[in-house]
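J.: Show me the folded form of this:
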Amino acid sequence: TSFLFDWDGGYLGEDMLKLNIWTRALSGKRPVMVYFHGGGFSFGSAYELPSHDGAQMARHHGVVQVSVNHRLNVLGFLDVSEIGGPDYAESANVGMTDLVAALRWIKENIANFGGDPDRVMIYGQSGGGSKVTCLMGMPSAQGLFHRAGVQSGGGGNFADAEQSRALARQLMVELGLKPNDIEALRQMEWSKLYAAGQTAIAKVNAGLPQGAFFPPSSVRRAGWAPTMDGRVVPSRPFYDAAPELSKDIPLVIGSVSEEGYSYHSNPSETEWRARLTKTYGPDKANRLVDAMKAANPGKSIRTLSYGVAGLAQRNNVERMIRLKSQIGGAPAYQYWFTWQSPQLDGVAGAWHTSELAFCFDNTKRCEQGTGNTPEAQALAKTMATAWAN
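T.: Take a look at the predicted model:
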């Protein structure tokens, strides 16, 4: 997996509030594409994958490309409003208000880099897609972007304010601090905060049923993600409904055919059928396997299993598209990325994040995953042009 992704995890630390900008000239008025990285709301960075390097988009597709690093995990989503008082009223969502601040900076400054502040697209993959759907429901982000794209993510079941406050109380217990000792918390080294936070999450969520990640069966848990506080994040956008705030924003949503890729998983057909039977029962499991085999005669059982494991993501795409279309306004578009990588004997298919090399026109930079074949290059040109358009 590390070979395919060419992953560079970078380093952990507190110095993360940065924008990266690629432009082919400081003059002009080109549309601006702002990408938010994946990793849920807990990890990841704008640097971790070569696939989302923005040079090719700026060089060949007539846009100013921007990516953002922001506060994540315990530094981005710890609700200390009870501990620190009114000054910390919005602390549960600073990871998201960081993104609003980045968009505000872009609005005020991107003209100096040849960008048009009135043509800004926000988009993101996986957790980055969830950041996009969250921003679409945030009043403070209204007017700062004009198009949106969600790739293999979106529609989170965010915790409510009481759950987030309970998590903060438990964190103080784990750190051995008094309930209102905000100064000691301010001085705490971030890695200690992180470790105590993971322990606190496990304790406050103990006993909750193990629901699926995607709606409608997901379970609301406290953790490092936005909080529906009724103020900064007033709702769960694209979970409960598509937000009226952004009904006039055109939206593209999609996913890849092997979302459930996991290289260590290599079942035989018998093992795969038995695994699915535990989840769906024998009749549905067998019909599912038979249908997948019939629809994809060239794929191995291993690759087909990755496709079935990712069907919940596809269902989530369909659900969000439906919510968007129900409120009217600007159109919603849907894509389905099925390109099969030839690398590692072709078993990975179109894995989670594989489309990034194509929408950023980076098949050469990402040849470990793409092979940089003529077919891959042609598809990248088509897809990157579509995203820029």
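J.: Which parts of the stretch 51-200 of the chain are helices?
T.: 55-60, 73-77, 81-84, 94-109, 127-135, 161-175, 182-187, 190-204 (DSSP state H, counting those that start in this stretch).
J.: helices or strands up against the shortest one?
T.: Using 3 or more C-beta pairs under 8 Å, 6 or more residues apart in numbering; DSSP states H and E as the contact definition, the elements that helix 81-84 packs against are helix 161-175, helix 182-187. All C-beta atoms are positioned from the backbone trio N, CA, C, and that covers glycine.
J.: Please work out which residues outside that helix touch it.
T.: The contact list for helix 81-84 (C-beta atoms under 8 Å, 6 or more residues apart in numbering) reads 88-92, 165, 168-169, 172, 179-182, 185.
J.: how about a cut-off of 10 Å?
T.: Contact with helix 81-84 is made by 87-92, 161, 164-166, 168-169, 171-172, 177-186, 227, 229, as judged by C-beta atoms under 10 Å, 6 or more residues apart in numbering.
J.: got the residue ranges for the helices in the stretch 201-350 of the chain?
T.: 269-280, 282-295, 301-309, 311-326.
J.: Now mean neighbour count, mean pLDDT and distance to Asn372 too, for those helices, in a markdown table please.
T.: Listed next are the helices of the stretch 201-350 of the chain as a markdown table, based on neighbours: other C-beta atoms under 10 Å; pLDDT from 0 to 100; distance: least, C-beta to C-beta, whole Å:
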| stretch | mean neighbour count | mean pLDDT | distance to Asn372 |
| --- | --- | --- | --- |
| helix 269-280 | 14 | 96 | 32 |
| helix 282-295 | 13 | 96 | 28 |
| helix 301-309 | 21 | 96 | 21 |
| helix 311-326 | 18 | 94 | 27 |
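J.: For Leu251, which of the ones you listed is the nearest?
T.: Closest approach to Leu251 among the helices of the stretch 201-350 of the chain is made by helix 311-326 (5.6 Å; C-beta to C-beta).
J.: on contacts alone, who are the packing partners of that closest one?
T.: Here helix 311-326 touches helix 127-135, strand 147-151, strand 251-256, strand 332-337, going by 3 or more C-beta pairs under 10 Å, 6 or more residues apart in numbering; DSSP states H and E.
J.: now do 6 Å
T.: With contacts defined as 3 or more C-beta pairs under 6 Å, 6 or more residues apart in numbering; DSSP states H and E, helix 311-326 has these neighbours: strand 251-256, strand 332-337.
J.: Taking helix 301-309 as reference, get the angle to it.
T.: Orientation check (axes from the mean of the first three to the mean of the last three C-alpha atoms, to 10 degrees): helix 311-326 against helix 301-309 gives 40 degrees.
J.: Now tell me which helix or strand of the chain has the poorest mean pLDDT.
T.: helix 2-5 (a mean of 90; mean pLDDT, DSSP states H and E).
J.: And whichever helix or strand comes after that helix, how far out from the chain middle?
T.: Sequence-wise, the next helix or strand downstream of helix 2-5 (DSSP states H and E) is strand 18-22. Distance, stretch centre to chain centre, for strand 18-22: 19 Å (C-alpha atoms, centre = their mean, to the nearest Å).
J.: Now do the contacts for Pro267.
T.: Neighbouring residues of Pro267 by C-beta atoms under 6 Å, 6 or more residues apart in numbering: Ser305.
J.: Only the buried residues of the longest strand anywhere in the chain, if you could.
T.: Of all segments of type strand in the chain, defined using DSSP state E, the longest is strand 115-125. Using 16 or more other C-beta atoms under 10 Å as the test for burial, strand 115-125 gives Gly115, Asp116, Pro117, Arg119, Val120, Met121, Ile122, Tyr123, Gly124, Gln125.
J.: Given that strand, what are its sheet partners and their directions?
T.: strand 30-36 (parallel), strand 147-151 (parallel) (DSSP bridges).
J.: Tabulate those (CSV), appending distance to Lys284 and mean pLDDT.
T.: Formatted as CSV, these follow (distance: least, C-beta to C-beta, whole Å; pLDDT from 0 to 100):
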stretch, distance to Lys284, mean pLDDT
strand 30-36, 36, 98
strand 147-151, 29, 98
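J.: Please convert those to CSV, extending it with mean neighbour count.
T.: Converted to CSV, these look like this (neighbours: other C-beta atoms under 10 Å):
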stretch, mean neighbour count
strand 30-36, 25
strand 147-151, 25
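J.: Same list, those, but as a markdown table with distance to Glu258 please.
T.: Putting the strands paired with strand 115-125 into a markdown table (distance: least, C-beta to C-beta, whole Å) gives the following:
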| stretch | distance to Glu258 |
| --- | --- |
| strand 30-36 | 22 |
| strand 147-151 | 14 |
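J.: how far off helix 94-109 does the longest strand of the chain point, in degrees?
T.: Using the same axes, to 10 degrees: strand 115-125 against helix 94-109 is 150 degrees.
J.: Which of the helices and strands packed on helix 311-326 sits closest to Leu304?
T.: strand 251-256 (14.3 Å).
J.: Identify the spatial nearest neighbour of Arg169, chain neighbours not counted.
T.: Pro179 (6.7 Å; C-beta to C-beta, 6 or more residues apart in numbering).
J.: could the helices of the stretch 201-350 of the chain go into TSV alongside distance to Phe43?
T.: Shown next, in TSV, are the helices of the stretch 201-350 of the chain (distance: least, C-beta to C-beta, whole Å):
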stretch	distance to Phe43
helix 269-280	28
helix 282-295	32
helix 301-309	21
helix 311-326	19
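J.: Out of those helices, flag the one nearest Gly44.
T.: Closest among the helices of the stretch 201-350 of the chain, using C-beta to C-beta: helix 311-326, at 17.5 Å.
J.: now what about that closest one, what contacts it?
T.: Taking C-beta under 6 Å, 6+ apart as the rule, helix 311-326 contacts 152, 154-155, 214, 238, 241-242, 251, 253, 255, 259, 332, 334.
J.: quick one, it and helix 282-295 angle?
T.: 80 degrees.
J.: Please could you give me each C-alpha atom of helix 311-326, formatted as CSV?
T.: Extracted as CSV, the C-alpha positions of helix 311-326 are listed here (Å, rounded to 0.1, in the frame of the first residue of the first chain):
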residue,chain,number,x,y,z
LEU,A,311,-20.5,-0.3,-1.4
ALA,A,312,-21.5,1.7,1.7
GLN,A,313,-19.5,4.6,0.3
ARG,A,314,-21.3,4.3,-3.0
ASN,A,315,-24.7,4.2,-1.2
ASN,A,316,-23.6,7.4,0.7
VAL,A,317,-22.9,9.1,-2.6
GLU,A,318,-26.4,8.2,-3.9
ARG,A,319,-28.0,9.4,-0.7
MET,A,320,-26.2,12.8,-0.7
ILE,A,321,-27.0,13.4,-4.3
ARG,A,322,-30.6,12.8,-3.5
LEU,A,323,-30.6,15.2,-0.6
LYS,A,324,-29.0,17.9,-2.8
SER,A,325,-31.5,17.4,-5.6
GLN,A,326,-34.4,17.6,-3.2
